[in-house]
Each structure stands twice: as structure tokens, then as C-alpha cells.
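> Next input, structure requested:
(one chain, ligands or ions: 1)
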Amino acid sequence: MSKPAHASGAFAIGGELRVHRLGFGAMRLPGAWREPHSNGAGELLREAIRLGVDLIDTAHAYGHSEELIAEALHPYPDELVIATKGGLRSGGHPDGRPERLRADCESSLRRLRLDTISLWQLHRIDPEIPLEEQFGAIRGLRDEGKIRFVGVSEVSVDELRRARQLVEIATVQNRFNLADRAAADVLRVCEADGLGFLPWAPIARGLGNTCTLASVATTHEATQAQIALAWLLRRSPVVLPIPGTGSPEHLRENVDAALIELSEDDLATLEHDTHGQR
Ligand SMILES: NC(=O)c1ccc[n+]([C@@H]2O[C@H](COP(=O)([O-])OP(=O)(O)OC[C@H]3O[C@@H](n4cnc5c(N)ncnc54)[C@H](OP(=O)(O)O)[C@@H]3O)[C@@H](O)[C@H]2O)c1
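Next up is the predicted model:
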């Protein structure tokens, strides 16, 4: 039976891991930052799966998010891809020392109750540690079978190029939304080379209530958040949005955005009138 998230189409991460493009970001799961057990989180995650979501993004740095995912969904459905990240300490400080990257990866494996992480992303490149050391450590984890595919987060075109000389990179996760298209150059590289692009903050907080967005939303009897997601899905076939929410209503709304078909006119209006300043 077709589920709403399936309307977003499919993408094969690394050419092999097939997911539907509209995913779920697990940073804001209820209780993630405080409670090791949260029924709210479990219900939300199970509902995401029922709606057809098969890509969940989390991180070692997101409090109890990884444990909550395992509690709610383990043993996992065969088709589910859990993408996690490592290399970021509390306060948002990168820590790319090889021993820390290994410790984060091994801790994520335990928390998620996995033998292999399907997609492990370097949360931030650490400017204090040579790239060879950071990606050498990640390559080692992959060669040991602890990681299947490698991703990076918040990278420039040049950083992505240099990282790809050290290890195969399957995905990039950069901030990107209607109001902030600073990563458009990185997206172009991903599109040209078939890398997945996971835009974070996809709902474009700070976009405000622009008249344009509101009028396109009215035309489609949709919310502005849904139009922001529908725009991302139209923007490129390699885009895999991971909207985050703690609300079951917003979750349903976000997944239903996959059903919205924006017209060329809608796109032209959105592209022109909401063009980001960054
Ligand atoms: N790589 C990185 O450095 C990085 C950084 C940040 C996040 N991320 C990843 O990206 C995911 C998404 O990022 P994000 O949570 O910052 O941004 P987001 O998904 O664009 O926005 C989430 C915010 O929008 C609200 N929201 C969600 N759905 C809504 C809807 N339908 N209508 C109105 N409001 C809605 C949420 O509140 P409610 O809970 O009330 O719905 C929350 O405040 C995270 O879960 C995480 O996996 C990655």
C-alpha cells in the first residue's frame, strides 16, 4: 500500500541504500535532551514509520535521541536507514581527534543496537585536526564494517572535494531552505556527482510570513511549512529533507508535503520572492 512519504520518490544513498526522499530529523524528539525514556518519542517514531518514512537522521550529540530510536523501533524494519553523526561535543564544538571519532561511532552502535551504521556523518570538520587524520579514522571504521556509507555535514565545496580525496563520501548535510540557499554551490556538486544532500532546517525558521509563501500555501490548501518542504523536494532529485518535530500533527503535515505538486508558476514565484539574502 502506498504511504504518503513514498510520494516523495526514492534515492539510493551511495548508489545502494534506497530510501524515500522525505525523511525525519530526530533532534527534537520529545524528551531527547532530558529523559532516557519518552513515550511521546516512541509514538512519534512509530507514526513516522507508519507514514512511510524510512530515513531517520540523528546524532551522537542529540542527547538521548539514539537510545529513543532504538527503544521505539528495534528490531528495525528492513528498509529503515538510520543516519547518525559524530565528532561534535556539547556546546557545538567539533572534536575530530581520531580516538573521539572512534568512540562516538562505537557509542552510537551500542545506543542504536546496531552492528553497522548505514550512514555515519562527520558532524563538523575539526579545523584543529588534519583532514587526513579525521577521514583516515573514518575510513578505518568503514573498513572494519562499523560504517557502511560516510557523510559530511556543514562543508564548503572545497572541503567536500578534499574529503572525497580521502574517503568515498555518499552524502552531505548542510543547512538549506527557501530562505537560506548559501549551500546552493554544494548542492550543485552533489547533484552532478549523485551524492545525497540532506538539507537541515528545511522548514526555514525565520522565513517569516511572506505574502508569496502564504499565497502559494493558500492555492494548495497547505501550510507554509508544507510548501517549504515541497519546494525542497522539487529543487533537486538528490535532496532528502529531514524535517524535525516533536508534534504528531506537524509530523503528519510534513509527510503530506510529499503529495503537493508545485507548478512552474509556483516555483518561479517562490524562487523570486523568497530569495534568501545569504
Ligand atoms: N547537521 C547539522 O549540523 C544539523 C543541525 C541542526 C539540525 N540537524 C538535523 O536536521 C533536522 C531538522 O532540523 P531542525 O529541527 O533544526 O529544523 P526544521 O526541521 O526546519 O524545523 C524544526 C522546527 O520547526 C517546527 N516545525 C516542524 N514541523 C512544523 C510544521 N509542520 N509547522 C510548523 N512548525 C513546524 C518544529 O517545532 P514543533 O516541534 O513544534 O513541530 C521546530 O521548531 C534535525 O532533526 C536534525 O536531524 C542537523
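
> From here on, just use CA atoms for contacts and neighbour counts.
OK.

> Show the low-confidence segments of the stretch 1-150 of the chain, by residue range.
Along the stretch 1-150 of the chain, segments meeting pLDDT under 70 span 1.

> so which residue of it comes closest to the ligand?
Going by Cα to the nearest ligand atom, the ligand is nearest to residue 25 of the stretch 1-150 of the chain, at 3.2 Å.

> Would you mind naming the residues that bridge with that residue?
Beta-bridge partners for residue 25, by DSSP bridges, are residue 57, residue 244.

> Can you give me the neighbour number for it?
The burial count assigned to residue 25 is 22, neighbours taken as other Cα atoms under 10 Å.

> now swap in residue 253 and tell me
Here the count is done by other Cα under 10 Å, and residue 253 has 15 residues near it.

> quick one: contacts for the spatially closest residue to residue 131 that is not a sequence neighbour?
Of all residues not flanking residue 131 in the chain, residue 163 sits nearest, at 7.2 Å (Cα to Cα, 6 or more residues apart in numbering). Listed by Cα atoms under 8 Å, 6 or more residues apart in numbering, the contact partners of residue 163 are 131, 135, 169.

> tell me which element residue 163 is part of?
For residue 163, the element it lies in under DSSP states H and E is helix 157-166.

> Okay, buried residues for that helix please.
157, 160, 163, 166 (16 or more other Cα atoms under 10 Å).

> For the ligand, see how far away the last one is.
Right, the one you point to is residue 166. 20 Å (Cα to the nearest ligand atom, to the nearest Å).

> Please report how far the closest residue to that residue other than its chain neighbours lies from residue 59.
Closest residue in space to residue 166, ignoring its immediate chain neighbours: residue 135 at 6.1 Å, by Cα to Cα, 6+ apart. Separation of residue 135 from residue 59 (Cα to Cα, to the nearest Å): 18 Å.

> And for residue 155?
17 Å.

> Check residue 225 too.
24 Å.

> which of those two has more neighbours?
Comparing residue 225 with residue 59 by other Cα under 10 Å, the one with more neighbours is residue 59, at 26 against 21.

> Give the full set of residues in contact with the more buried one.
So residue 59 contacts 27, 65, 66, 83, 84, 85, 86, 123 (Cα under 8 Å, 6+ apart).

> same thing but at 6 Å, please
84, 85 (Cα atoms under 6 Å, 6 or more residues apart in numbering).

> what are the ranges of the strands in the stretch 101-250 of the chain?
Along the stretch 101-250 of the chain, counting by DSSP state E, counting those that start in this stretch, strands occupy 117-122, 147-153, 171-173, 196-197.

> could you redo those as CSV and give each row mean neighbour count?
Shown next, in CSV, are these (neighbours: other Cα atoms under 10 Å):
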stretch, mean neighbour count
strand 117-122, 26
strand 147-153, 23
strand 171-173, 25
strand 196-197, 28
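
> Make a markdown table out of those strands and add distance to the ligand.
Below are these laid out as a markdown table (distance: least, Cα to the nearest ligand atom, whole Å):
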| stretch | distance to the ligand |
| --- | --- |
| strand 117-122 | 8 |
| strand 147-153 | 5 |
| strand 171-173 | 5 |
| strand 196-197 | 11 |
